[in-house]
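**Q** requesting a structural model of the entry that follows:
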Amino acid sequence: MKIGIDIDDVLIDFCYPFAEFHNQTYGTNWDKDDLNTYRLEDLTGDTWDEMQLKMDKFVKNTDFFNKKISPEIKKSLEMINQDHEVYLITGRPDHYREGTLCWAKNNLGGLYKDVFFVYGNIEKVDKWEFCVNHGIEVMIEDLPEFALKCRDAGIKVLLFDHPWNQGIKGKNICRVKSWSDILQYFVKSSGVRA
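**A** Numbering: from 1, shown residues only. So this is what the prediction gives:
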């Protein structure tokens with residue numbers, strides 16, 4: 001199978017560390033339960049552009065592109081990669097492209113076929129549309145809107161459980177809470193060797 005994997009909050013934590021940074025930098029008091037939306041500008045009243053500037057500051061000040069992937073995730077990807085083609089599919093902005101590509105190579109070199117930046121200046125498509133056009137059969141995702149659109153396009157979604165995607169369910173959506181759950185899904189559905 002061709003498997004698409006989102007990066008942020010699936011392979012590497014973004015939202016929770018950003019919330020901690022935002023609390024320290026801007027005096028907010030967010031905890032995990034407050035993050036019931038991935039669009040954090042909804043929590044602050046910032047515009048999307050203002051929130052993007054805050055995220056850029058977070059990425060720069062926390063050396064975000066040098067964060068290491070967990071051994072559990074890497075081991076799971078090694079096992080999945082034995083029998084399937086893995087593609088990283090992200091909605092990160094174009095100015096994160098170089099850092100993201102270096103991060104992926106340093107953390108996951110050899111465990112994915114390619115990295116795609118949907119919405120950027122190259123692909124310029126919605127994530128579900130990209131998956132359909134490239135034959136992605138399973139998408140590992142955390143954002144509700146992407147999960148629902150992939151589901152509706154007939155793509156199986158493994159929805160990584162977070163406060164901002166509660167209530168999302170239905171045919172073609174399987175909620176997962178860990179990479180162990182993801183690996184078990186592939187063991188059961190396609191005989192990946194555990």
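**Q** doesn't R92 fall inside a helix?
**A** No. The assignment for R92 (DSSP: H, G, I helix; E, B strand; the rest coil) gives coil, which keeps it out of a helix.
**Q** and the most far-flung residue of the chain relative to its centre, how far from T44?
**A** Relative to the mean C-alpha coordinate of the chain, counting by Cα atoms, centre = their mean, the farthest residue is G27 (26.9 Å). Counting by Cβ to Cβ, to the nearest Å, the separation of G27 from T44 is 11 Å. For the C-beta atoms, the positions are set from N, CA and C on the backbone; glycine is no exception.
**Q** same question, Y96
**A** Separation of Y96 from T44 (Cβ to Cβ) stands at 21 Å.
**Q** how about P71?
**A** From P71 to T44 the distance is 35 Å (Cβ to Cβ).
**Q** tell me which of the two has more neighbours.
**A** The neighbour comparison of P71 against T44 (other Cβ atoms under 10 Å) goes to T44, with 14 against 8.
**Q** what's the distance between that one and G91?
**A** From T44 to G91 the distance is 20 Å (Cβ to Cβ).
**Q** same check on D46?
**A** Noted for D46: a distance of 18 Å to G91, by Cβ to Cβ.
**Q** equivalent analysis for K32, please.
**A** 22 Å.
**Q** please apply the same query to R175.
**A** 20 Å.
**Q** give me the contact list for stretch 126-139.
**A** Residues from elsewhere that reach stretch 126-139, judged by Cβ atoms under 8 Å, 6 or more residues apart in numbering: 1-6, 87, 89, 91, 116, 118-119, 123, 125, 141, 146-147, 149-150, 152-153, 155-158.
**Q** dump the C-alpha coordinates for stretch 110-123 into PDB.
**A** Taking Å, rounded to 0.1, in the frame of the first residue of the first chain, the C-alpha atoms of stretch 110-123 are listed here in PDB:
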ATOM      1  CA  GLY A 110      15.400   5.600   4.100                       C
ATOM      2  CA  LEU A 111      12.000   5.200   5.700                       C
ATOM      3  CA  TYR A 112      10.000   7.300   3.300                       C
ATOM      4  CA  LYS A 113       9.800   7.700  -0.500                       C
ATOM      5  CA  ASP A 114       9.200  11.400  -0.600                       C
ATOM      6  CA  VAL A 115       8.000  14.500   1.300                       C
ATOM      7  CA  PHE A 116       5.200  16.600  -0.200                       C
ATOM      8  CA  PHE A 117       4.100  20.100   0.900                       C
ATOM      9  CA  VAL A 118       0.500  20.500   0.000                       C
ATOM     10  CA  TYR A 119      -0.800  24.100  -0.200                       C
ATOM     11  CA  GLY A 120       2.700  25.200  -1.100                       C
ATOM     12  CA  ASN A 121       4.000  26.800  -4.200                       C
ATOM     13  CA  ILE A 122       4.800  23.400  -5.800                       C
ATOM     14  CA  GLU A 123       1.900  21.100  -5.100                       C
END
